[in-house]
Structure formats: structure tokens, C-alpha cells
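**Student:** For reference, the sequence and a predicted model appear below.
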Amino acid sequence: MPTYTFTRAPREEFETSVKILERIKGGEEAFVTTLIVQEVVDWLEYNGLRNAVPTFLKALNSYVTLDKVECTCSDMLRALDHMQRYNISFIDTTSLAVLERLNAREVYSNDKDFDRVDWLRREFK
């Protein structure tokens, strides 16, 4: 989601991301894992946008109702089970493990792989 706000493309994903971020800025409680934050930082650096990293991290920190949740080694080990069960990437299954640990049953994502998870509701609107 954050990469769409930097690139403003694709347009529909950008507009949806902005709406979601506006809801969070308005007080909706949500969380993001440090693994996802790192993934965005890696994407920025890989795409020659290293100077945007401080802006991204400061903007992320400004969302007071957006908890920043640590990803643990136990989450990563749990992700291995999810990889086999759902045939989803390691990063996504690690996110699943964090969601499971926190007893969260919704995820903001446009990644349809999450639709394979019977206990999770994916939202991107």
C-alpha cells in the first residue's frame, strides 16, 4: 500500500491506499508489521528513492492509531507452516503469523493470495 502512495500508480490502487490512510489518520486503529515497513524501505532503495526513506518513516510514525508491530522469530517459524498450507510467499505468511498471534482476522491488502486463508478477511477499498 505505501508504494502506491509514492508512485501514485496504478491509479486505482493509489486512490484506495489514500482512502485507507485517511481513515487511519482519522482515528481508525490498525497495525503494520516491521517486516512490511522493511519491505517498503527495500523497495524505495531498490528503485532509487533512498532519499524518500526518512519521509516514509516519519509519515508512518505520524499515524498515532497505526501500531507498529514487531515481527518475531516465532512468527517466522509459524510462517513455514502457513507457506505449506496456503502456498503463499514467506513475507505474506509471516504477516499471517503476526495476524494470528494478535488475533486479528482482517488485513488491508490488494494481494489476492490472502483470499486462500479461510480465517482471514481481505479488505482493499
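**Tutor:** Everything's here; your move. Residues are numbered from 1 along each chain as shown.

**Student:** what about the helices in the chain?
**Tutor:** Per DSSP state H, the chain carries helices over the ranges 2-7, 11-25, 34-46, 53-62, 73-86, 90-101.

**Student:** and the third one, what other elements does it pack with?
**Tutor:** Taking 3 or more CB pairs under 8 Å, 6 or more residues apart in numbering; DSSP states H and E as the contact definition, the neighbouring helices and strands of helix 34-46 are helix 2-7, helix 53-62, strand 66-69, helix 90-101. (C-beta placed from N, C-alpha, C; glycine too.)

**Student:** How about the longest one?
**Tutor:** Under the contact criterion of 3+ CB pairs under 8 Å, 6+ apart, the helices and strands touching helix 11-25 comprise helix 2-7.

**Student:** And the lowest mean pLDDT element among the helices and strands of this structure?
**Tutor:** helix 2-7 (a mean of 56; mean pLDDT, DSSP states H and E).

**Student:** per the record, what domains does the chain have?
**Tutor:** Per the record's domain assignment (automatic domain parsing), the chain is made up of the domains 1-70, 71-125.

**Student:** about what we covered before: let me have the helices and strands packed on helix 34-46 in JSON lines, extended by distance to Ala79.
**Tutor:** Shown next, in JSON lines, are the helices and strands packed on helix 34-46 (distance: least, CB to CB, whole Å):
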{"stretch": "helix 2-7", "distance to Ala79": "21"}
{"stretch": "helix 53-62", "distance to Ala79": "23"}
{"stretch": "strand 66-69", "distance to Ala79": "15"}
{"stretch": "helix 90-101", "distance to Ala79": "4"}
